[in-house]
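Colleague: how would this look folded up:
(3 chains)
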Amino acid sequence: MKKRAVAYLFILPAALVLGIFMFYPLAYSFMISFTQWDLSATRTYVGLSNYRALIVSPDFWNSVLYTVYYVLGVLPVSLVIGLGLALLLRDSSMRGVGFFRTIYFMPVVTSPIAAAMGFSWIFHTQLGYANHLIDSFGGEPVNWLTNYNGIFQLLFDRFGVELPRVLQGPSVALTVIILLGIWQNIGYATVVYLAGLQGIPQTYYEAARIDGANWGKSFRRITLPLLSPTTLFLLVMFTILSFQVFGPVQVMTPQGGPLQTTSVIVFRLYQQAFAFYRFGYASAMAFLAFSMILIITLMQLKYIERRVHYD
Amino acid sequence: MKALMVFFGFIVFAAIVAFSQITLSFWHSMGDYAKLPLDQLIEEFNRTNPGIRVRANYQGTYDETVTKMKSALLVGAGPDLAMVNIEHIQIFTQDEALMSLEDLVERDPELFPEDFVDEFWQTIIRDGTPYAIPFNISVLMLYYNRDLFRQAGLDPDRPPQTWDELEEMAHKLTVVDARRGRTVQYGLLWGVDPMFYQFEPLVWQNSGDIFNEDMTRCLLDSEEAIDALKRWASWFDMGLSPRDLTIEEGIQSFLMGRIAMGTVSSAGIRYGLENLPWELGVAMLPGNKEKATTLGGGSLAIMSHVSDEKSEAAWTFVKWMVEEKNTLTWYERTGYIPVKKSALDSIEIQLIWRRFPQLRAPVEAIPYARPRHVHENIIEIRSILFNTVERVRQGVEEPEIAFLLAVNRVNQLLK
Amino acid sequence: MTKRHVTLAIKYAVLAAGAIIMLFPFYWALSTSFKELRDIYFEPYGMFPTNPTFSNYISVFSKAPFGRYLLNSLVVAAGTTFLQLVTACLSAYAFARMRFRGREIIFFLFLATMMIPQQILMIPQYLVVMRLGMGDTYQGLILPYAATAVSIFFLRQFFRTIPKDFEDAAIIDGCGPLRILRYVFIPLSKPALATISIFVFMWSWNNYFWPLLIVDSTEMRTIQLGLALFRTEGGIQWGEFMAGTVISTLPILILYFIAQKQFVKGITLTGMKG
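Modeller: As a prediction, the model looks like this:
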């Protein structure tokens, strides 16, 4: 009984902060999502009509598709490269390891806005380094940020194949934003994996070596399973965060990209709220996004946590 | 002892000054190069008006400022006075957030509405009542690269006057690398922006209009408007303008001397003169059937919730900011047009033109400048129109169909 | 050349190749910040400034009180980091090791706060902060982020990997939960704590939208708001913007470099990990 009270006391400070600054605003926004509100003193109750309008809006479902492209583009690549780098950088006795760790972490600490501005210059069609490089190898420059064609469709164009819409892939413009996301996330994954790797006792590897396991085997049998709590954390975090990507989109394509192909959910939501002052509609959008993330996270926790190895 | 008395006397004096001083918080949207001249103007006001202290706080872009003000007003906070974009006045008068200046203007012997440039004064009137005082008003101009004009064998003192001339010159200013078949320099970028600010004058120049008088119908399905759109799209089709650049990239390319002509607000003239490594020319936008350009910029408004004492002080400040001398200083240091007729007729302005000849063109453009339409859904309407012309520019929609479809959607929002 | 040497050489080659890609944007920002305007405009692909100049840096500091902005960001980021460490350690320990009713539900509720797009919460959060009288103050910048689900989740994952034996020994010695946390979990979690600190500090340092909304006065502006001065509707002043970016990124990089060493030390001290 007493022990249980202690547990609640331990949670209290965090619960207080989250309660005041997160749950209350959340409830408030939920209430707003049933109204029409332009930030003025009056609000009109409109029932479910915001949700109804969203569900039939092709713009909204397009933005869901673009968001999914973004998540699927950023997540696996960042995790795999991050793990690879962490394995290369785990040995603290290696010369220059601190130097490399710092370098790979640099993109993470850069302000996302500054990074996006830098990328938009590098990918400037007329003046950017990317096209300069392509040009100096004799290739055709690419109109990165104004190209609305899906990248998979572009590949299949050569064979004269027209892919179904959903499989056409992110537009070239969105791909540039995905690249930026990968560039900024790799370091995050690396550092978290490094922290996770430190938790694996060296003795396990020694025991495995005595048993005659090679590198590949001990990686599969020891490293991967023991890293699974870390992987789960990264998987859940990256899904949640990249589902809400906004800053880079806003900076690199402030108008939502060529033919709106970079308008991810939160971009549309922000536009509805802070450009058109339709807070009810935007809130409804936020809660639809919320339910999608919730379902994905629940599935991740339910199906993957079962396979996660805790000590 | 005497020293002590003096000391105490000084303290008491200082306290009186400090307590009798009215502090006004002023929110504005002048970042970067325009911030310094504004700060200096305010500093001078504070020095010459010891009873009032204006604290100027930059709040971000115009749009960001609107969000901040709206949020602050919900909890009764916010500034005492603010720079409000003339486009946004409506948003705040709907909420009764801005003080009507009718009484102040009427009983003030020093400020004559008649002295303000008529086109400018109209921008701050809502339902016959002034809600702000025009301060940083700009017009859309044609900026051109005089160095590139010379290189192309064109006379930099004869910028294009008509669309035909514009096309002809743009052809000469477009440089194609024949070996690789690639355009290395474009003649012109008449951009579009999400505010639709740059596209509007094209329609006007073709004797069309965007909306009808009482804002109940969108008129872009007219022949004039569709022709204007076709003409504009043809500049991209002919390769005079870059189709593959975003708006931001286009501005960047123009600044970096890869595009010879572009449409930019007059507010950037002084910045351009000081910060561009090539010689800047500024001209009135070329016309077609008629001449026209767009008015933009901001005004100074007093919030309706301030006390009488503060509103008096704020009024003193606003009046001071638009005094002939100050409006001219502001003009010379930015490119925002002086708001008073007396300033436009003064000898000082002649001296400014001698120092910066490029500043003259926007003043001459005033008679052709038109204020923009106001409506509660205007931001969303413009976003629809922007996306429409972008689709035409990308070649995925035909001009006629594009504007017909857009007018349908816009008319629904106008109801 | 032994096999070991070859592997090492490959390792370095891979790391170096990756590093060049990662570093290029930084190199370019740094180089641009020392370039004159003419250089930026007419030699956009120049790898070095032809005539290196400090003028962009001087102009950054003369246009705005960047020193003050840096100080504000430091106070806010350090305050946020400290508070988050406290709240996260306490609740992560409870979630990882204690049994109580509603544990999973409360934990999931905490997690749920991350799943709603933060942009939509900004207005209600602003209203709360203003009603508490914390507009335009350090409290208003710090307190809303004094606890976040990310840190709690991360630490909980880490705490769960710590072997039970360590804890059992302490319980036998008669330690209460607070002491176990203090003397067992925290020392063993130094790498994780260093990681969280860096993330929280960096996140707070780079936060733009929240300060934009609640800071009114020039004195309270943070470094990210300062940088926004150089991005206006009329275009970007690249030289100055890059100088500002360099100034604003440097402090966190230094911090990371220090924390990164701390992190290695923490492991050797506990003696249990390689």
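Colleague: residues near the residue nearest to C:Ile162 when sequence neighbours are not counted, how many?
Modeller: Once flanking residues are discounted, C:Ile162 sits nearest to C:Leu188: 5.5 Å by Cβ to Cβ, 6 or more residues apart in numbering or on different chains. C-beta coordinates here come from the backbone N, C-alpha and C atoms, glycine included. Neighbourhood size, C:Leu188 [other Cβ atoms under 10 Å in any protein chain shown]: 23.
Colleague: What are the buried residues along stretch B:395-402?
Modeller: Within stretch B:395-402, the residues scored as buried using 16 or more other Cβ atoms under 10 Å in any protein chain shown are B:397, B:399, B:402.
Colleague: where's the first one, which helix or strand?
Modeller: With the criterion set as DSSP states H and E, no secondary-structure element contains B:Glu397; it sits in neither a helix nor a strand.
Colleague: wouldn't it be in contact with B:Asn387 here?
Modeller: No. With contact defined as Cβ atoms under 8 Å, B:Glu397 does not count as touching B:Asn387 (10.0 Å).
Colleague: Grab the most central residue of the chain for me.
Modeller: Defaulting to chain A. What sits nearest the mean C-alpha location of chain A, by Cα atoms, centre = their mean, is A:Ser242, with 1.9 Å.
Colleague: my bad, chain C
Modeller: Chain C, centroid-nearest residue using Cα atoms, centre = their mean: C:Met202 at 1.7 Å.
Colleague: Give me the phi and psi for that residue.
Modeller: In terms of degrees, to the nearest 10, the main-chain angles of C:Met202 are phi -70, psi -40.
Colleague: residues touching the residue nearest to it when sequence neighbours are not counted, list them.
Modeller: With Cβ to Cβ, 6+ apart as the criterion, C:Met202 has its nearest non-adjacent residue at 4.8 Å, and that residue is A:Val109. Contacts of A:Val109 were listed using Cβ atoms under 8 Å, 6 or more residues apart in numbering or on different chains, and they are C:198, C:202, C:205-206, C:249, C:252-253, C:256.
Colleague: Look up how far chain B lies from A:Val109.
Modeller: Going from A:Val109 to chain B by Cβ to the nearest Cβ, to the nearest Å gives 24 Å.
Colleague: For the stretch 51-200 of chain A, which residue gets nearest to chain B?
Modeller: A:Asn143 (3.4 Å; Cβ to the nearest Cβ).
Colleague: Looks like that residue contacts B:Thr246 (just checking).
Modeller: No. With contact defined as Cβ under 8 Å, A:Asn143 does not reach B:Thr246; the gap is 9.3 Å.
Colleague: the more surrounded of those two?
Modeller: Comparing A:Asn143 with B:Thr246 by other Cβ under 10 Å, the one with more neighbours is B:Thr246, at 25 against 20.
Colleague: Tell me if I'm right that the more buried one and A:Tyr148 touch.
Modeller: No. Using Cβ under 8 Å, B:Thr246 makes no contact with A:Tyr148, being 11.7 Å away.
Colleague: Any regions of the stretch 151-300 of chain B where pLDDT drops low?
Modeller: Across the stretch 151-300 of chain B, nothing is flagged by pLDDT under 70.
Colleague: Could you tell me which residues of it lie near chain A?
Modeller: B:182, B:194, B:242-249, B:252-253, B:256, B:258 (Cβ under 8 Å from any Cβ of the partner chain).
Colleague: OK, contacts around the closest residue to chain A within the stretch 101-250 of chain B?
Modeller: Going by Cβ to the nearest Cβ, chain A is nearest to B:Asp244 of the stretch 101-250 of chain B, at 3.4 Å. Contacts for B:Asp244 (Cβ under 8 Å, 6+ apart) come out as A:125, A:143, A:146-147.
Colleague: I'd guess it is in a helix, am I close?
Modeller: No. Counting by DSSP: H, G, I helix; E, B strand; the rest coil, B:Asp244 falls outside a helix, being coil.
Colleague: In terms of secondary structure, what does the longest helix along chain A contact?
Modeller: In chain A, with assignment by DSSP state H, the single longest helix is helix A:58-89. The contact analysis (3 or more Cβ pairs under 8 Å, 6 or more residues apart in numbering or on different chains; DSSP states H and E) places helix A:58-89 against helix A:97-109, helix A:172-198, helix A:224-243, helix A:265-270, helix A:279-299, helix C:3-33.
Colleague: same thing but at 10 Å, please
Modeller: Packing contacts for helix A:58-89, counted by 3 or more Cβ pairs under 10 Å, 6 or more residues apart in numbering or on different chains; DSSP states H and E, involve helix A:49-55, helix A:97-109, helix A:172-198, helix A:224-243, helix A:247-252, helix A:265-270, helix A:279-299, helix C:3-33.
Colleague: and the next element down the chain from the third one?
Modeller: Read that as helix A:172-198. Once the chain leaves helix A:172-198, the next helix or strand it forms, by DSSP H and E, is helix A:202-210.
Colleague: Report the angle between that following helix and helix A:224-243.
Modeller: Helix A:202-210 and helix A:224-243 meet at an angle of 130 degrees, taking axes from the mean of the first three to the mean of the last three Cα atoms, to 10 degrees as the criterion.
Colleague: in helix A:202-210, what counts as buried?
Modeller: Here helix A:202-210 shows A:205, A:208 as buried, counting by 16+ other Cβ under 10 Å.
Colleague: and the stretch 51-200 of chain C, which residues reach chain B?
Modeller: Residues of the stretch 51-200 of chain C lying close to chain B by Cβ under 10 Å from any Cβ of the partner chain are C:62-64, C:122-123, C:126-131, C:135-136.
Colleague: didn't B:Ile86 look like it was pressed against B:Glu119?
Modeller: No. Using Cβ atoms under 10 Å as the test, B:Ile86 is too far from B:Glu119 to be in contact (11.0 Å).
Colleague: Quickly list what's touching both of these two.
Modeller: Residues within reach of B:Ile86 and of B:Glu119 at once, by Cβ atoms under 10 Å, 6 or more residues apart in numbering or on different chains, are B:134, B:137, B:295, B:371.
Colleague: of all those, which comes closest to B:Ile210?
Modeller: When the shared contacts of B:Ile86 and B:Glu119 are compared for distance to B:Ile210 (Cβ to Cβ), B:Pro371 wins out at 12.0 Å.
Colleague: The closest one - how many residues pack around it?
Modeller: With other Cβ under 10 Å as criterion, B:Pro371 counts 18.
Colleague: so what pLDDT did it get?
Modeller: B:Pro371 carries a pLDDT value of 89.
Colleague: where does C:Phe166 sit relative to chain B, distance-wise?
Modeller: Per Cβ to the nearest Cβ, C:Phe166 is found 49 Å from chain B.
Colleague: can I assume that residue is in contact with C:Leu181?
Modeller: No. In this structure C:Phe166 lies outside contact range of C:Leu181 using Cβ under 10 Å: 11.9 Å.
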